[in-house]
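Chemist: The following block contains a protein sequence and its predicted model.
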Amino acid sequence: MAVYGGDVPQVDPRSGFCKSTKIFHSKRRPIPLPPNQSLDATTFISSRPHNGKIALIDATTGQHITYSHLWESVDSVASSLSDMGIRKGHVILLLSPNSIFFPIICLAVMSLGAVITTTNPLNTPQEIAKQIADSNPILAFTTQQLIPKIASSKLPVVLIDGEIQIKKFSVKIVSTLSEMMRKKSSGSRVKERVDQNDTATLLYSSGTTGASKGVVSSHKNLIAMVQVVVTRFKLSEGEGTFICTVPMFHIYGLVAFATGLLSSGSTIVVLSKFEIHEMLSAIEKYRATYLPLVPPILVAMVNAAEQIKGKYDLGSLHTALSGGAPLGKEVIEGFVEKYPNVSILQGYGLTESTGIGASTDSLEESRRYGTAGLLSPSTEAKIVVPDTGEALPVNTTGELWLRGPTIMKGYFGNVEATTSTLDSEGWLRTGDLCYIDEDGFIFVVDRLKELIKYKGYQVPPAELEALLLTHPSISDAAVIPYPDKEVGQYPMAYVVRKGGSDISHEDIMQLVARQVAPYKRIRRVAFVDSIPKNPSGKILRKDLIKLATSKL
């Protein structure tokens, strides 16, 4: 970590750039990592002092969990898992919508040194089966409604909601969460030694290329990110009340709501799914102070501002935090105009950086329009020429590389993908084309990686293209991001019909819709004679994007 004007005099205090190393250093105060290496994330979170009383509230039912009950439940569930034979290194699958029980499961699993892998409840059984085959879990936690999605896996299941009804389910139900939470913790349980470098989570990301890969994050990564979260929200000065609209299976939701905020004594009001009036009603009812969200929800709030006026008391809300995709000037100004008492902050991050890699921490910083913010505490960056690896100076565009205590260990069981994304010095190639200005602010210009961002979800074009090419009436296809005010981007397909075929726009959209989660669906189709490609056969997506957007 650079020390300005001291040990490293060549670091420019304004930009954080060191001319001799070509490294940008964070201007935020560094985060101290615990010296004790034998420490798991759950123990670290549970041992942080605070005065918080209520940990989690279900926005729909009003059911709540106090902090004392939270930690008793975590201990009881961990004991039950231990009695079932769950040990350090075992992978546990969690398939569930947001719930007040989601953090309990994550924290209990991690306390044993076992590994939690989460998946999107909207994913199809085929998509979930792929993740199960890759991560090899030995137990699943899920809800009654979602059991059919994992029935073919033959995994033993712990039911999160309801009681066991033998004839009702097509899978082996081994316990229920409520049963586990009632169990008295076994004092004689042998705790295996868990080190900070051991794996804590296995979240699936499309990374810098198309296929979904398991991102291996350590307890150290989470411990560092917990401190980034607490520092960012200034929670050392007191607890806040947060509305949880962001999915907890996603890195954004996991590091904020299932781990980080619980170390500060804050109260988390959980919405199982986003519905604008339910969210606003929860802000009013529980006097929420913070609202983390993704850009489409922010846009929805701006668009609905006139109907909302006078209907809900949002006076307690002082901060909205947006992540998942950058916000434009119009959106920020529109929000500030409609909600003048609410500061809007932005964040930039990846699953591979365990969440926030850069952020704006005040409205003044967010008003530097187009910025992803300043580097997170203890994080370093390089701006690099993608082809040569040459590091570049201030205000020059290249690929953003990040290094720091929150950067993942690698991709699960995928040495090739790991070495192409993480170099030997620990630098993560983000796949984003960026520049860093003279004040240390990061600006994302474009994506080297070709992911489509739909409501903050990542959609890999290659996956949809492979699907389209399975159809006998399609000879070639390319999928691009199509800009949309409400969702950010959605997948659009360019299709070359096989000679004489009359396959329609509707046929293509239905073909894909039957096999993928709703956010991956193709929502626009154009037929072409050929797909533009470079000499090596790579699709010239930029040309297609230009063609699609020229008619806007």
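Modeler: Here it is on my side, so go on.
Chemist: Okay, now the unreliable bits of the stretch 451-552 of the chain?
Modeler: 535-537, 552 (pLDDT under 70).
Chemist: again with the stretch 201-350 of the chain
Modeler: 206-211, 236-238.
Chemist: residue ranges of the strands in it, please?
Modeler: Ranges of strands within the stretch 201-350 of the chain are 213-218, 241-244, 267-270, 290-293, 319-322, 343-350, based on DSSP state E, counting those that start in this stretch.
Chemist: same question, the stretch 1-150 of the chain
Modeler: Listed in chain order, the strands of the stretch 1-150 of the chain (DSSP E, counting those that start in this stretch) span 17-18, 23-25, 54-58, 64-66, 91-95, 115-119, 139-142.
Chemist: can you list contacts of the fourth one?
Modeler: Contacts of strand 64-66 from elsewhere in the structure, counted by CB atoms under 8 Å, 6 or more residues apart in numbering, are 53-58, 73, 100, 104. (Glycine included, C-beta is placed from N, CA and C.)
Chemist: The same query, at a cut-off of 10 Å, please.
Modeler: With CB atoms under 10 Å, 6 or more residues apart in numbering as the test, strand 64-66 has contacts from 52-58, 71-73, 100-101, 103-104, 181, 267-270, 286.
Chemist: Would you mind telling me which of the strands of the stretch 1-150 of the chain is nearest His471?
Modeler: strand 115-119 (26.5 Å; CB to CB).
Chemist: helices or strands next to the closest one in the packing?
Modeler: For strand 115-119, the contact count by 3 or more CB pairs under 10 Å, 6 or more residues apart in numbering; DSSP states H and E identifies strand 91-95, helix 102-111, helix 125-135, strand 139-142, strand 199-205, strand 213-218 as packing neighbours.
Chemist: For the shortest one, C-alpha coordinates in CSV please.
Modeler: Output for strand 139-142, consisting of C-alpha atoms alone and laid out as CSV, is shown next (Å, rounded to 0.1, in the frame of the first residue of the first chain):
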residue,chain,number,x,y,z
LEU,A,139,-26.2,-31.2,0.0
ALA,A,140,-28.7,-28.5,-1.1
PHE,A,141,-30.8,-26.0,0.8
THR,A,142,-33.9,-25.0,-1.2
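Chemist: Strand partners (parallel or antiparallel) of it?
Modeler: strand 91-95 (parallel), strand 157-159 (parallel) (DSSP bridges).
Chemist: what pLDDT, on average, does it get?
Modeler: Mean per-residue pLDDT for strand 139-142: 98.
Chemist: in that strand, what counts as buried?
Modeler: Within strand 139-142, the residues that count as buried by 16 or more other CB atoms under 10 Å are 139-142.
Chemist: Next: the third one.
Modeler: Judged by neighbour count (16+ other CB under 10 Å), helix 125-135 contains these buried residues: 127-128, 130-132, 134-135.
Chemist: any idea of the mean pLDDT in it?
Modeler: Helix 125-135 comes out at a mean pLDDT of 94.
Chemist: sorry, back to before: which among the buried residues of helix 125-135 gets closest to Val230?
Modeler: Ser135 (29.3 Å).
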